[in-house]
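**Q** I need the structure of the sequence given here:
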Amino acid sequence: MSNPITKVYLLDVPLEADYKNTLYFANASAQQSYFQSKVIGSYSYNDFTYQRKDNIIRIPEIYDNICHCNYVMYQNTNYSNKWFYAFVTDLEYINDGRTDLHIKTDVIQTWLFDYTLKTSFVEREHTSNDTIGNNLLPEDLELGEYICNSYMKDYNLNDSDTDLCYILGTTHMILPNATPPKEYGGGLYNGIYSGVMYYRFNSVQDIDPIIKAYAEAGANDAITGLFMAPKVLASNLLVSSLINDSTEPYTYDISVSKTYGLGGYTPNNNKLKTFPYCYLLVDNNNGATVKYNYEYFNSTACVFTVNGVLTPGCSIRMVPKNYKGVTLNEIEGINLGKYPTCAYPVDMYTNWLTQNAMNLSVATERANYKGGMGAAKTGVGTVLAVASGGLLGTGDIMGGIDQMVDASFDIKNIMAEKYQHSLEPPQARGNLNAGDVITASNNNCFHFYNMSISYDFARRIDKYFDMFGYQTNMVKVPNSNHRSKWWYTKTVSCNLDGNVPQNDLLEIKKCYDNGITFWRNASEIENYSLTNGIV
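**A** Residues are numbered from 1 along each chain as shown. Prediction:
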């Protein structure tokens, strides 16, 4: 048998033994070509004796000439054509004619084409589908305070004083200088029956003479109600006219554009265009707000349907359309505040309604508060019981886990939310019992606020997603070879198979469990400013 001959090449490459970053190659030939292109000067040897794995290579060179060598590739030619790749963990000066290189196998590059990833629990990775709404798993990142990127209001109801009219409910109508009064029955208004007739008046000047006529006729008891309402609920256009019967609520749609404002920041990652980074806040300006997630509307805009009924104080409700798979999502609707009821001489009913109708929301709020406090007390009791007996020893367990946390988790911990944000402005919630002043200000309508995190927080989170992808928490085969520049993978108890020595196989699994980033081009390693599209 001929003397064993081994090829050894000394390299300088941008790879480190922590395996945070490594290179991806389409095949072994491309891999070999790259590494051979990184040979330092003329330091390639073709006549060494058999090289043992994870051992020492004795190089016949002075230390100073090869001190910048950080990587080697070698091939035991007489035994196989396989190339082994290894990190130089230490260079030891022996004498002027010899330097010992201590090496450790790069298990990823050495066995890159010899192992196959299997179904594993994937904790984080770069997605292969960044469609808006496709990646909604919470990230638990610091969001900062929300800002409003754009605002609009529903101009259909109460944009100005001219949008409102006065509705007189009466058992019979008295017109000035007309006797005797004419009797009438009830009517159907927007599908709701009333035993009295409703008349519409467009201004104070129109209705004042009517109130005076009732007083002069001693017929104030015939008036059952006087209230203000949006003109769109009262179908007649004529002044001082009887409102026509109608069997259906007054209905219209309103569309609000999805605004992914982020304070002017344009993200690389579409997850920032979903809740909690962006959302639509709807406010009735009278104590109720609802948040709507852009991604749950099945159209390019947020569309709502508004239904209104002509009753004292008016009953108006808005519901999202084609939201969360429901054509009209009544569960997540929002009611408008009451419109003012008006006082007039000797009318006990209106006095009662004025004093009590606007307080219905207060009563509801009080009931909800008491219910919430009861639930909170129960929850606190449970937590205290568990804390006192059920979680003993948790500190020891967590201490052990903490020692296993890798650098990417440390970054995640830094990015994590440190305090519970209030999602409402720092002021008393809502404007309960303020329907009159809101109506007088032409603001008793629905208000739409396109909310998002600020520019600074959006940029921070986007860069974090650039580096580490999205939280995945799914049992699947990890993504690979799906991005144009790089992709990150972090697993828990990674599963893989291959014709690989057992110790190296276990180390490869550890690389994935710790989190590893594959790069297509060595010159671009850690350059996260590049566009990293899905391929």
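**Q** for S315, which residues count as its bridge partners?
**A** V309 (DSSP bridges).
**Q** what about it, how many neighbours?
**A** For S315, the neighbour count with other C-beta atoms under 10 Å is 18. All C-beta spots, glycine's among them, are computed from the backbone N, C-alpha and C.
**Q** all further residue positions should be reported with the first residue as 347.
**A** Right, with 347 as the first residue, what we last looked at is S661.
**Q** my guess is it contacts G654. True?
**A** Yes. Shown here, S661 and G654 form a contact pair, counting by C-beta atoms under 8 Å, at 7.1 Å.
**Q** quick one, phi/psi of F811?
**A** Per-residue torsions, F811: phi -60, psi -40 (degrees, to the nearest 10).
**Q** quickly find the element holding V649.
**A** strand 647-655 (DSSP states H and E).
**Q** and the contacts of that strand?
**A** Residues from elsewhere that reach strand 647-655, judged by C-beta atoms under 8 Å, 6 or more residues apart in numbering: 500, 502-503, 535-538, 576, 578-579, 595-604, 626, 628, 638, 640, 643, 660-668, 674, 792, 794.
**Q** got a quick PyMOL command for the buried subset of those?
**A** Command for PyMOL that selects the buried part of the contacts of strand 647-655, burial taken from 16 or more other C-beta atoms under 10 Å:
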select buried, resi 500+502+503+535+536+576+578+579+595+596+600+602+604+626+628+638+640+643+660+661+662+663+664+665+666+667+668+792+794
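**Q** in helices, which of the contacts of strand 647-655 fall?
**A** Using DSSP state H, no member of the contacts of strand 647-655 sits in helices.
**Q** inside strands: which ones of the contacts of strand 647-655?
**A** Among the contacts of strand 647-655, the members falling in strands (DSSP state E) are 535, 538, 576, 596-603, 626, 628, 638, 661-668, 674, 794.
**Q** walk me through the domains of this protein.
**A** Following automatic domain parsing, one gets these domains for the chain: 352-457, 507-595.
**Q** would you turn those into CSV with mean pLDDT and distance to N480?
**A** Output for the domains of the chain, formatted as CSV (pLDDT from 0 to 100; distance: least, C-beta to C-beta, whole Å):
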stretch, mean pLDDT, distance to N480
domain 352-457, 95, 24
domain 507-595, 77, 37
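**Q** TSV for those domains, including distance to E870?
**A** Shown next, in TSV, are the domains of the chain (distance: least, C-beta to C-beta, whole Å):
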stretch	distance to E870
domain 352-457	10
domain 507-595	60
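**Q** tell me which of these lies nearest to N845.
**A** In terms of C-beta to C-beta, the element of these nearest to N845 is domain 352-457, at 8.3 Å.
**Q** so what would you say the end-to-end distance of that closest one is?
**A** Using C-alpha to C-alpha, to the nearest Å, the span of domain 352-457 from its first residue to its last is 19 Å.
**Q** what does the helix or strand hosting L852 contact?
**A** Taking DSSP H and E as the definition, L852 sits inside helix 848-860. Residues outside helix 848-860 that contact it (C-beta under 8 Å, 6+ apart): 365, 451, 453-454, 456-457, 461, 463, 466, 752, 754, 824, 835-842, 844, 846.
**Q** wait, I553 touches I513, no?
**A** No. Using C-beta under 8 Å, I553 is not in contact with I513; the gap is 9.6 Å.
**Q** what do those two both touch?
**A** Common contacts of I553 and I513, defined by C-beta under 8 Å, 6+ apart, comprise F547, L572.
**Q** so which bits of the helix or strand harbouring T837 are buried?
**A** Using DSSP H and E, T837 sits within strand 832-838. For strand 832-838, the neighbour count (16+ other C-beta under 10 Å) marks W832, W833, Y834, T835, K836, T837 as buried.
**Q** in CSV, list those residues along with pLDDT and distance to V434.
**A** Listed next are these as CSV, based on pLDDT from 0 to 100; distance: C-beta to C-beta, whole Å:
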residue, pLDDT, distance to V434
W832, 98, 24
W833, 98, 27
Y834, 98, 26
T835, 98, 26
K836, 98, 27
T837, 98, 28
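**Q** which parts of the stretch 497-646 of the chain are helices?
**A** Secondary structure of the stretch 497-646 of the chain (DSSP state H, counting those that start in this stretch): helices located at 550-562.
**Q** again but with the stretch 347-496 of the chain, I slipped
**A** Per DSSP H, counting those that start in this stretch, the stretch 347-496 of the chain carries helices over the ranges 374-382, 409-412, 453-456.
**Q** quick one: closest of those helices to G633.
**A** Nearest of these to G633, taken as C-beta to C-beta: helix 453-456 at 58.9 Å.
**Q** off-centre distance for the closest one?
**A** Counting by C-alpha atoms, centre = their mean, to the nearest Å, helix 453-456 is centred 38 Å from the centre of its parent chain.
**Q** quick one: pLDDT of the residue lying closest to K617 once chain neighbours are set aside?
**A** Excluding the flanking residues, the one nearest K617 by C-beta to C-beta, 6 or more residues apart in numbering is N481, at 4.9 Å. pLDDT recorded at N481 is 97.
**Q** tell me which residues touch N481, please.
**A** Contacts of N481 (C-beta under 8 Å, 6+ apart): T473, N475, N616, K617, T620, Y816.
**Q** just the buried ones from the contacts of helix 848-860?
**A** Buried among the contacts of helix 848-860 by 16+ other C-beta under 10 Å: 365, 451, 453-454, 456-457, 461, 463, 466, 754, 824, 835-837, 840-842, 844, 846.
**Q** quick check: bridge partners of Y545?
**A** Beta bridges link Y545 to L514, L588 when assigned by DSSP bridges.
**Q** residues of stretch 484-494 that come out buried?
**A** E485, L487, E488, L489, G490, Y492, I493.
**Q** next: stretch 867-878.
**A** Of all the residues in stretch 867-878, those buried under the rule 16+ other C-beta under 10 Å are I871, N878.
**Q** stretch 639-650 too?
**A** Neighbour counts using 16+ other C-beta under 10 Å place N639, Y640, E641, Y642, F643, C648, V649, F650 of stretch 639-650 among the buried residues.
**Q** list the contacts of the closest residue to the third one other than its chain neighbours.
**A** Yep, that's E641 we're talking about. Distances taken as C-beta to C-beta, 6+ apart place G479 nearest to E641, at 3.4 Å, with adjacent residues excluded. Listed by C-beta under 8 Å, 6+ apart, the contact set of G479 reads T620, E641, Y642.
**Q** what separates G479 from Y640, distance-wise?
**A** Taking C-beta to C-beta, to the nearest Å as the measure, G479 falls 8 Å from Y640.
**Q** please apply the same query to Y611.
**A** Per C-beta to C-beta, Y611 is found 16 Å from Y640.
**Q** turn the buried residues of stretch 484-494 into CSV, columns for pLDDT and distance to Y370.
**A** As requested, the buried residues of stretch 484-494 are exported to CSV (pLDDT from 0 to 100; distance: C-beta to C-beta, whole Å):
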residue, pLDDT, distance to Y370
E485, 96, 26
L487, 94, 28
E488, 95, 32
L489, 96, 34
G490, 96, 36
Y492, 97, 39
I493, 97, 40
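**Q** inside strands: which ones of those residues?
**A** Those of the buried residues of stretch 484-494 lying in strands (DSSP E): Y492, I493.
**Q** distance to M419 for the buried residues of stretch 484-494 - can I get that in JSON lines?
**A** Below are these laid out as JSON lines (distance: C-beta to C-beta, whole Å):
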{"residue": "E485", "distance to M419": "40"}
{"residue": "L487", "distance to M419": "41"}
{"residue": "E488", "distance to M419": "44"}
{"residue": "L489", "distance to M419": "47"}
{"residue": "G490", "distance to M419": "48"}
{"residue": "Y492", "distance to M419": "53"}
{"residue": "I493", "distance to M419": "53"}
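**Q** and of the buried residues of stretch 484-494, the nearest to V542?
**A** Of the buried residues of stretch 484-494, the one sitting nearest to V542 (C-beta to C-beta) turns out to be Y492, at 46.8 Å.
**Q** tell me, how many residues neighbour the nearest residue to that closest one once chain neighbours are set aside?
**A** Leaving aside its chain neighbours, Y492 sits nearest to M797 (4.9 Å; criterion: C-beta to C-beta, 6+ apart). Residues lying near M797 (other C-beta under 10 Å) number 21.
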